[in-house]
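K.L.:
I would like to see how this sequence folds:
(one chain, ligands or ions: 1)
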Amino acid sequence: MTREFVASRWTRGNFLFPTRIRITDQGVVRHKRSWFSKSEENVHARNIANVNVRTGLIWSDIRIETSGGSDPLDSHGHSKGDAREIQRLIQALQASVGGAAPPLDSGDTRACPFCAETIKKAAKICRYCSRELA
Ligand SMILES: [Zn+2]
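P.N.:
Next up is the predicted model:
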């Protein structure tokens with residue numbers, strides 16, 4: 001599933017090259033280009049901390065806050081309907097990759113009970129979070 005939302009051209013900073021927000025199974029990608037550059041920012045669903053929608057009279061601004069210390073992704077000038085849909089999709093995505101779904105135990109790996117990363121079953125210490133495993 002990939003959905004793409006394009007900011008309105010009639011809003012600040014979007015006239016020539018509107019920002020595009022793409023929501024995939026893995027996370028969110030923001031495409032923004034200008035005369036001289038093209039930037040693509042990627043936030044994995046696991047690193048999304050929060051989605052805020054601020055609705056003005058006509059347009060909505062979206063801010064996707066990330067965990068892990070990177071800058072939030074901002075996008076201005078989406079329709080209210082799009083903004084709500086973006087928020088809904090991202091929240092569904094968070095639920096599907098986040099702590100809600102129990103990680104799979106399979107073969108000789110298992111999920112660390114502390115950080116949920118996949119580690120070897122025989123591990124005594126998690127290589128991701130360095131905690132001791134029972
Ligand atoms: Zn761990």
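K.L.:
and R127, what does it touch?
P.N.:
Listed by CB atoms under 8 Å, 6 or more residues apart in numbering, the contact partners of R127 are 117, 119. The C-beta positions use only the backbone N, C-alpha and C, and glycine is treated the same way.
K.L.:
please redo it, this time with the cut-off set to 7 Å
P.N.:
Each residue near R127 by CB atoms under 7 Å, 6 or more residues apart in numbering is listed here: I119.
K.L.:
repeat for the one 4 residues further on
P.N.:
Shown in contact with R131 (CB under 7 Å, 6+ apart): F114.
K.L.:
repeat for I23
P.N.:
The neighbourhood of I23, defined by CB under 7 Å, 6+ apart, consists of 2-3, 86, 89-90, 93.
K.L.:
in helices only, show me those residues.
P.N.:
Where the contacts of I23 overlap with helices, as defined by DSSP state H, the overlap consists of 86, 89-90, 93.
K.L.:
for the chain, which segments count as strands?
P.N.:
3-6, 20-23, 27-33, 38-44, 48-55, 59-66, 73-79, 109-111, 118-120 (DSSP state E).
K.L.:
ok, which of those comes nearest the ion?
P.N.:
strand 118-120 (6.6 Å; CB to the ion).
K.L.:
which stretches of this structure have low pLDDT?
P.N.:
98-106 (pLDDT under 70).
K.L.:
around the ion, which positions in it sit nearby?
P.N.:
When proximity is defined as CB under 5 Å from the ion, the chain approaches the ion at 112, 114-115, 126, 128-129.
K.L.:
and the residues you listed, which two are the farthest apart?
P.N.:
F114 and Y128 (8.6 Å; CB to CB).
K.L.:
returning to that earlier point: export the contacts of I23 as a markdown table, with columns for neighbour count.
P.N.:
A markdown table is the format used below for those (neighbours: other CB atoms under 10 Å):
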| residue | neighbour count |
| --- | --- |
| T2 | 9 |
| R3 | 12 |
| I86 | 22 |
| L89 | 18 |
| I90 | 21 |
| L93 | 22 |
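K.L.:
run through who's touching stretch 70-84.
P.N.:
Stretch 70-84 is contacted from outside by 5, 7-8, 11-14, 19, 21, 28, 30, 41, 43, 53, 55, 59-66, 86, using CB under 7 Å, 6+ apart.
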